[in-house]
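Enquirer: sequence unknown, structure follows:
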DNA sequence: AGAGTTATTTTACGACGTGTACTAAGCAGG
DNA sequence: CCTGCTTAGTACACGTCGTAAAATAACTCT
């Protein structure tokens, strides 16, 4: 019922909040800008820009940043987001480590710390302790007072149900219905933002990487497994219960190989690094070693067996990408994740060709397929962007309750 | 750049427009309601409801609709959308006919007409003439003056690029870059809304059928081919260039059967009625007849061959649905289209089971898979809803220019 | 120093939504 | 018939908002 009714703007004060947000986003993404430029960028009148920026200045959210000389007129005063107004903590709960980063509002990294995770031992309590200890550590290391922290963002594997409990289902970790939000809440007062790691990485690429400027995109995270972040209208698309983007388990070969999820013919069973290495070892038996070096070695291997496995991988990846293109008609697709980047660096033209072969001509032409530009920090960085996004949405309330 | 900046509310008048829209949608979808009920439904204050409804009443957009007795107080005055404020024309350009319907704002059908299309002869000029003649006919038949028509909605097959030209690419029809919008514009002044038929059907199911109340949904149109309407935030999702939802050509069996699109392993090559019949005829040779009776006969056929073909169809359909569930995490999936309804009536439990087998447990559980509730008129009816949606969005401007 | 130019801010104004007080319109009971 | 009582809807004063126009600020150029 409520569905098609949509927009729920109410009072005239929402207007102010919205325009404040618009201006702040323009400054955050558009770098330093003068009030004059802001009127052009936002479509607001000069008076409103002046008015709202005065508020933002008074609150300390933005600051003046020098002037720009003019050729015969009053010089423009540049404005920018005050990097020290607040800070965001981003956490990446990965397969082999928990990484904690502290960023200011200029997205400068102030401190970081890493905790190694023994493979296949992902005790939830331990991870929670790492996150909380890491947050304490980076804050004290950078000398940032806790009350200026806008929040703690966490990128985790698996399905995350939105809400304060942030219930996680990550079979690979043995996490079944883990309420990470509740567990973290017991140890910190900070606002929490928990989401799937592919989604946080996706927002990082969208804001600062290969997804810049796209309002409709898909960011693929190909690592040991396969994840995805769907972007619609410039924001992460989460679906009805937060699990949208489970690309890795789409069926690309009905009745095909068995996936670790139990089904058959999943994309992940063909394109995930673990599965690729499995397929290779079926052809050329060898001992199991660490995944990343083994995958790199496979890419360097010029044997026909390696070539066959990789060609197959590209083929199925293309099928998966083609389905994304057909189904979602994205403006851009970003290929990321450590395995995705390794594959892409060598095979991007082939991957594009495979995607073309598995999609309709028109949407394919409208889609740019690019490699991710952010390194291995993208997940933690993206987790911090969740925090920052909340701040941009309502900068007035952000630090009030603390 | 502009992507993450989003909301662009500007002036205080947008507020009014938005609240007017909210109220009007509440009345359109929530049936007759008193002002008092509207305050609860919309969250607006009683004063604003009174104020805005006064505007709407003055404009004739809504009307009073009797009273409701009370148990000891002033009785409520019911308000409803004035069905005769404006009218919408919906057109379905189908495989075998062009259907034109005239609806009032109460979504009552006032008139309709059909033009048969000889199969495989879909001359664009002819279709345009049918549409224009049909519009004239239904208007004169119902005695509706042209200046009270809110627009002409058309559901067509294939990819539709948004914009006034409404360029269509429908290989099955031999339509390559046909600017239907331009062609229609030459023959009528009415506001035009051209979109893919699966999308129009989807919005019809969303508004009045099995999709009611869902804000995230996928409506599948399984006919001779396979189409889809994706719904996000209660509205049709179109992607970057309008072609989102090309579900029929997703790869479900990499390297599998050749599809009429030229690729291999497309869902449509397994689940579209044409392909199903082809597969059956490979097992049991027979002459080609009309598709719908042949498909119905196949469903009635209890031979092992028929059973095998149908089981396979259900299997692949389930793979396609499972991918939708994984990727989009919809609240609801509606199975429609003539072949989809025939299949679903007999095999809905099996289809659900196949979808379950091809998706992750959690999102599957959150998704309701239902049969479409609207009959063969859904495409035309949905085309009219495009018009109505435009009216609800800005009822003030809707009939002004005419 | 004065004219010219461009960037902000101030001012006056009209539009909006809200809360409060008020009016309208019924019922129950004497 | 009249007196409370209840509920629905409206009028009005108020504070907020964004805007256009006018004013001011802060430069450059001559």
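Expert: The structure has been received and is ready for your questions. Computed from a predicted structure; not experimentally measured.
Enquirer: in chain A, which residue sits nearest DNA strand C?
Expert: Of chain A, the residue with the smallest distance to DNA strand C, taken as CB to the nearest atom of the strand, is residue A:73 at 2.1 Å. In short, each C-beta sits where N, CA and C put it, glycine included.
Enquirer: three-state assignment of that residue?
Expert: Classification of residue A:73 by DSSP: H, G, I helix; E, B strand; the rest coil places it in coil.
Enquirer: closest residue of the stretch 201-350 of chain A to DNA strand D?
Expert: Nearest residue of the stretch 201-350 of chain A to DNA strand D, counting by CB to the nearest atom of the strand: residue A:234, 20.9 Å away.
Enquirer: and the residue lying farthest from the centre of chain A, what is it in contact with?
Expert: No residue in chain A sits farther from the centre than residue A:72, which is 44.8 Å out by CA atoms, centre = their mean. Residues near residue A:72 by CB atoms under 8 Å, 6 or more residues apart in numbering or on different chains: none.
Enquirer: so the residue lying closest to residue A:128 once chain neighbours are set aside: helix, strand or coil?
Expert: Take residue A:128 and drop its neighbours on the chain: the residue closest to it by CB to CB, 6 or more residues apart in numbering or on different chains is residue A:183, 4.8 Å away. The local conformation at residue A:183, judged by three-state DSSP, is helix.
Enquirer: count of neighbours near residue A:183?
Expert: Burial of residue A:183 is recorded as 19 neighbouring residues (other CB atoms under 10 Å in any protein chain shown).
Enquirer: what does residue A:15 give?
Expert: Residues within reach of residue A:15, counting by other CB under 10 Å, total 18.
Enquirer: would the host helix or strand of it count as contacting DNA strand D?
Expert: In this structure, residue A:15 is located in helix A:12-29 according to DSSP states H and E. Yes - remark: helix A:12-29 sits within contact range of DNA strand D at A:12, A:13, A:15, A:16, A:19, by CB under 7 Å from any atom of the strand.
Enquirer: from the contact counts, what lies against that helix?
Expert: In terms of contacts (3 or more CB pairs under 8 Å, 6 or more residues apart in numbering or on different chains; DSSP states H and E), helix A:12-29 is packed against helix A:35-42, helix A:46-59, strand A:76-81, helix A:378-393, helix B:12-29.
Enquirer: out of these, deepest packed?
Expert: Comparing these by mean neighbour count (mean count of other CB atoms under 10 Å in any protein chain shown), helix A:378-393 ranks first with a mean of 26.
Enquirer: that one vs strand A:76-81, what angle?
Expert: For helix A:378-393 against strand A:76-81, the angle by axes from the mean of the first three to the mean of the last three CA atoms, to 10 degrees is 120 degrees.
Enquirer: and helix A:378-393, what's its mean pLDDT?
Expert: The pLDDT scores in helix A:378-393 average 97.
Enquirer: what bits of chain A have low per-residue confidence?
Expert: For chain A, the stretches with pLDDT under 70 are A:1-9, A:120-121, A:400-402.
Enquirer: so which bits of it are right by DNA strand C?
Expert: Residues of chain A lying near DNA strand C (CB under 7 Å from any atom of the strand): A:10-12, A:34-36, A:46-47, A:50-51, A:53-54, A:70-77.
Enquirer: ok, 10 Å please
Expert: Contact residues, chain A versus DNA strand C (CB under 10 Å from any atom of the strand): A:9-15, A:33-40, A:45-54, A:57, A:64, A:67-68, A:70-79.
Enquirer: all strands of the stretch 101-250 of chain A, in order?
Expert: A:109-116, A:149-156, A:159-160, A:167-170, A:175-179, A:192-196, A:217-222, A:226-232, A:235-236 (DSSP state E, counting those that start in this stretch).
Enquirer: show me what the first one is packed against.
Expert: Same thing as strand A:109-116. Using 3+ CB pairs under 8 Å, 6+ apart: strand A:109-116 touches strand A:97-104, helix A:124-142.
Enquirer: likewise the third one?
Expert: For strand A:159-160, the elements it packs on are strand A:167-170, strand A:192-196, judged by 3+ CB pairs under 8 Å, 6+ apart.
Enquirer: stretch A:48-62 near DNA strand D anywhere?
Expert: Yes - against DNA strand D, stretch A:48-62 shows contacts by CB under 10 Å from any atom of the strand at A:48, A:49, A:50, A:51, A:52, A:55.
Enquirer: now tell me what touches that stretch from outside.
Expert: Under the contact criterion CB under 8 Å, 6+ apart, stretch A:48-62 has outside partners A:16, A:19-20, A:23-24, A:27, A:35, A:38-39, A:42, A:44, A:63-64, A:79-82, A:85, A:395-396.
Enquirer: quick one, helices of the stretch 201-350 of chain A?
Expert: A:268-271, A:273-283, A:291-300, A:304-328, A:338-357 (DSSP state H, counting those that start in this stretch).
Enquirer: can you add distance to residue A:384 and mean neighbour count and give those back as a markdown table?
Expert: A markdown table is the format used below for those (distance: least, CB to CB, whole Å; neighbours: other CB atoms under 10 Å in any protein chain shown):
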| stretch | distance to residue A:384 | mean neighbour count |
| --- | --- | --- |
| helix A:268-271 | 27 | 27 |
| helix A:273-283 | 26 | 19 |
| helix A:291-300 | 24 | 16 |
| helix A:304-328 | 26 | 23 |
| helix A:338-357 | 20 | 19 |
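Enquirer: now the ones you listed as TSV including distance to residue B:90?
Expert: As requested, the helices of the stretch 201-350 of chain A are arranged in TSV below (distance: least, CB to CB, whole Å):
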stretch	distance to residue B:90
helix A:268-271	43
helix A:273-283	48
helix A:291-300	54
helix A:304-328	26
helix A:338-357	36
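Enquirer: and of those helices, who's closest to residue B:367?
Expert: Nearest of the helices of the stretch 201-350 of chain A to residue B:367, taken as CB to CB: helix A:304-328 at 15.9 Å.
Enquirer: isn't there a helix covering residue A:89?
Expert: No - secondary structure of residue A:89 (three-state DSSP): strand, not part of a helix.
Enquirer: got the contact list for the closest residue to it other than its chain neighbours?
Expert: With sequence-adjacent residues excluded and distances taken as CB to CB, 6+ apart, residue A:89 is closest to residue A:152, at 4.7 Å. Residues near residue A:152 by CB under 8 Å, 6+ apart: A:89, A:91, A:131, A:135, A:184, A:188, A:190, A:191, A:192, A:193, A:387.
Enquirer: lovely, talk soon.
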